[in-house]
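1. okay, sequence plus prediction incoming.
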2 protein chains.
Amino acid sequence: MFIESPRYTERFGSIRLNHVQKVIALDSGLKSELPPHGAMGVIKINEETIKHFEDRMAIVIPVKDEKLKLIEGVVSGVPHDCLVIVVSNSQREKVDRFRMEGDALNQLCRFTVREALIAHQKDPAIGEAMGEAGYDDLLGTDGLVRDGKSEAMLIGLLMAKAAGKEYVGFIDADNYFPGAVLEYVRNYTAGFSLAQSPYSMVRILWQYKPKISGGLFFKKWGRVSEVTNKYLNDLISTRTGFETEVVKTGNAGEHAMSMKLAEILPYASGYAVEPQELVSIFEDFGGILPTKNPKVMDQGIDIFQIETRNPHLHEEKGDEHVQEMLLAAMSTIYHSPLCGAELKRVILAELVKQGILKDGEEPPHIHIATPPKKVNINKFINTIQRDFDKYHVLR
Amino acid sequence: MFIESPRYTERFGSIRLNHVQKVIALDSGLKSELPPHGAMGVIKINEETIKHFEDRMAIVIPVKDEKLKLIEGVVSGVPHDCLVIVVSNSQREKVDRFRMEGDALNQLCRFTVREALIAHQKDPAIGEAMGEAGYDDLLGTDGLVRDGKSEAMLIGLLMAKAAGKEYVGFIDADNYFPGAVLEYVRNYTAGFSLAQSPYSMVRILWQYKPKISGGLFFKKWGRVSEVTNKYLNDLISTRTGFETEVVKTGNAGEHAMSMKLAEILPYASGYAVEPQELVSIFEDFGGILPTKNPKVMDQGIDIFQIETRNPHLHEEKGDEHVQEMLLAAMSTIYHSPLCGAELKRVILAELVKQGILKDGEEPPHIHIATPPKKVNINKFINTIQRDFDKYHVLR
């Protein structure tokens, strides 16, 4: 593939936050002549490089009652050498959708002689293993992992760790285009191949997100993303004194991390999880607050934002969650120790203006789970590894 | 990639007409274990095999006033090693859209150090070269090549021949998903890699063609395709005595041929071009009528029909052309010497029922251009090769 080299890299403490890089072409063939770090700001990512990272990567697909055809399509687009990990919170009563998902995944994996893992979010064994690891705050009163995509992501991340993977990427299950999924993963590998630090993250910016209500309109920005990105940028610029627009992927559901970075990040629940990753990185490595990870500080954090060639066409979930998403994202910024009084005031005004908060109200605190590294993660991993067969699709 | 092996191959004379093969997964990685002609009817197409055929293939993109962003997207999805040939019939007055297309293509090709050709359908030099080759019937009274996608395809095909390519594939310019374009071309290579004969054709069946009027509905069959396929199948079965449903891609705009096959086929004008290719193959190699190509008859013709993993999302052209398309497709079948009296009667009844013809009317004869091999094609090729620089994007 061909991708723009980063036009500019903002440095915030030891964070290297790269401006958006567009994908120029999906394939770069065998014959192309461009040097790897090439002419006119375009970089060629070789097929061998892509495969190198795919082989070390798990792709976690959180699922919750999505149509089977969509899930099948998404999995069929994930490059073969990646380990697919489906974490499902689909219904098991009446119609056992989880079983259907497992059957579909099994068939696809048999056809292509491929390994995959599947687990149910409410699996009592996983709840128990989480408890043993000290992740009590992830569990409900029933001892099972709580609902939520963020919780599914964390289960998937830990399973990827248990499987010995060095990178973990997330892909939503509601994508209509297998070819777009293929591109996301290849974009992840492109970012990782450009990273200088073992602590790296790649976030996907959709080129367009077509709206399909009465015709097709290629929207560039979602409503929530626009606001989230603005205030994430403000969070940086109020500290550096220089305005910036570098953050364009605050809400990126499609993103990937090196396992080393994934292990040291805390994970917010619900819609706050993606912006919170950035806020936590800004807090810990922005050089303003004392770091909890001085060794990591030395190596720095690389963040890449890659704009896809494919548009993003996914199932419409309706408008009801827009306010909830926005409030979650704003809460992560508002409650950050980096957020000064003036920025807090502006955020409150924004939320009141949007009719999400009333005068005098504050965004609620978001629940944030401890970074995997801080809990007794080996206990969880040992349990998963002991029962690994149970989670294998081709058992 | 992984693809089904053909479940069944219908033999009609020396034609091997393969039932639809589904793409199972877009990528097969480096590590997959499946033997090439493998277990459970699934075939792995290696990356090297794909690249082998891409390197020998030209992709012709007929263009007529499509949005620039769409054309750019389509080209960015064509694998790098293929030669892109854009044949444009876009407007040149007021806004010179052809020039804009050339500029956009030039920029993309510069970024990716890639060669491409672009020609205007109304280029007087091309009209003249066509005339010299003996292709007078392609020309209007003004001495220029007539309007029509079929005519653009033929120009592209001849330019591919002039460029020394062994395979030529067609991709429509109105596709929203670069990732789907990438898949089409890879599907072409998959088909060619399975061919036994140097005379081979690959036709694409879209998994779904989403309708976007008021929500998204994943339609499997277009209205025209369903009818076209039915009567193409009848054309075979009235001759073999066995009913068949093998033809599923009668109207496939996305299709590719080995140059050897492309050279000996006649090309119908307008919407008839794709079904006519099949009708002509049935006539010449079905073993019912005397063949004009006895040497080819010995080697046989391989036809593959490949169902994509990606849905097909393209610009909506409205309903006005549906009747025109159907009539064109039916004409190719109706006027074939293979079409018996009873099938003619049924086709007429169908067209009357659909309100396309009145009682007593017959489908009009479609204009069919001579196969390239039968005209003095070297004259055309010499002219194109002499002026090759003129058509190069990076001149």
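-> Good, I have the coordinates. Numbers count the residues shown, from 1 in each chain, chains lettered A, B, ... in the order given.
2. OK, contacts around A:D81?
-> A:51, A:54-55, B:27, B:29-32 (Cβ atoms under 8 Å, 6 or more residues apart in numbering or on different chains). C-beta here means a position set from N, CA and C on the backbone, and glycine is covered the same way.
3. quick check, nearest of these to A:N378?
-> A:D55 (24.1 Å; Cβ to Cβ).
4. hmm, A:L394 and A:R110 touching each other?
-> Yes. A:R110 is within contact range of A:L394, at 6.6 Å (criterion: Cβ atoms under 8 Å).
5. for chain A, where's the lowest mean pLDDT among helices and strands?
-> strand A:217-219 (a mean of 61; mean pLDDT, DSSP states H and E).
6. could you identify the helix or strand that succeeds that one?
-> Counting by DSSP states H and E, the element after strand A:217-219 in chain order, helix or strand, is helix A:223-240.
7. CA atoms only: put that next one into CSV for me.
-> Output in CSV follows, covering the C-alpha atoms of helix A:223-240 (Å, rounded to 0.1, in the frame of the first residue of the first chain):
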residue,chain,number,x,y,z
ARG,A,223,-21.4,15.2,15.1
VAL,A,224,-19.8,13.7,18.2
SER,A,225,-16.3,13.4,16.7
GLU,A,226,-16.2,17.0,15.7
VAL,A,227,-16.8,18.2,19.3
THR,A,228,-14.7,15.5,20.9
ASN,A,229,-11.7,16.3,18.7
LYS,A,230,-12.0,20.0,19.3
TYR,A,231,-11.8,19.6,23.1
LEU,A,232,-9.1,17.0,23.0
ASN,A,233,-7.1,19.5,21.0
ASP,A,234,-7.9,22.2,23.5
LEU,A,235,-6.7,20.0,26.3
ILE,A,236,-3.3,20.0,24.6
SER,A,237,-3.2,23.6,23.5
THR,A,238,-4.2,25.1,26.8
ARG,A,239,-1.1,23.3,28.2
THR,A,240,1.3,24.0,25.4
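8. any idea what the closest residue to A:T249 other than its chain neighbours is bridged to?
-> Leaving aside its sequence neighbours, A:T249 sits nearest to A:R203 (Cβ to Cβ, 6 or more residues apart in numbering or on different chains; 3.7 Å). Assessed by DSSP bridges, A:R203 has beta-bridge partners A:H255, A:Q305.
9. give me the number of residues near the residue nearest to A:Y267 when sequence neighbours are not counted?
-> Counting by Cβ to Cβ, 6+ apart, A:A369 is the residue found nearest to A:Y267 once chain neighbours are left out, at 4.7 Å. Look at A:A369: counted by other Cβ atoms under 10 Å in any protein chain shown, it has 21 neighbours.
10. what sits against A:A369?
-> A:135, A:137-138, A:150-151, A:154, A:266-269.
11. interface residues of the stretch 51-200 of chain A facing chain B?
-> Neighbours of chain B within the stretch 51-200 of chain A, by Cβ under 8 Å from any Cβ of the partner chain: A:51, A:54-55, A:73, A:76-81, A:108, A:110-114, A:176-180, A:182-183.
12. center of chain A, which residue is that?
-> A:H255 (3.5 Å; Cα atoms, centre = their mean).
13. host element of the residue in the stretch 151-300 of chain A that chain B sits nearest to?
-> Of all residues in the stretch 151-300 of chain A, the one sitting closest to chain B is A:G179 (2.5 Å; Cβ to the nearest Cβ). Assessed by DSSP H and E, A:G179 sits inside helix A:178-194.
14. what's the answer for A:V74, then?
-> Going by DSSP H and E, A:V74 is part of helix A:68-77.
15. what packs against that helix?
-> strand A:57-63, strand A:83-88, helix A:97-111, helix A:178-194, strand B:21-25 (3 or more Cβ pairs under 8 Å, 6 or more residues apart in numbering or on different chains; DSSP states H and E).
16. just to revisit the earlier point, show the buried residues in the residues of the stretch 51-200 of chain A next to chain B.
-> The neighbour-count test (16 or more other Cβ atoms under 10 Å in any protein chain shown) marks A:51, A:54-55, A:73, A:76-81, A:108, A:111-114, A:176-180, A:182-183 as buried among those.
17. still on that earlier bit, buried subset of the contacts of A:A369?
-> Applying 16+ other Cβ under 10 Å to these, the neighbour count classes A:135, A:138, A:150-151, A:154, A:266-269 as buried.
18. can I get these in JSON lines with secondary structure?
-> What follows is the buried ones among the contacts of A:A369, written out as JSON lines (DSSP: H, G, I helix; E, B strand; the rest coil):
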{"residue": "A:Y135", "secondary structure": "coil"}
{"residue": "A:L138", "secondary structure": "helix"}
{"residue": "A:S150", "secondary structure": "helix"}
{"residue": "A:E151", "secondary structure": "helix"}
{"residue": "A:L154", "secondary structure": "helix"}
{"residue": "A:P266", "secondary structure": "coil"}
{"residue": "A:Y267", "secondary structure": "strand"}
{"residue": "A:A268", "secondary structure": "strand"}
{"residue": "A:S269", "secondary structure": "coil"}
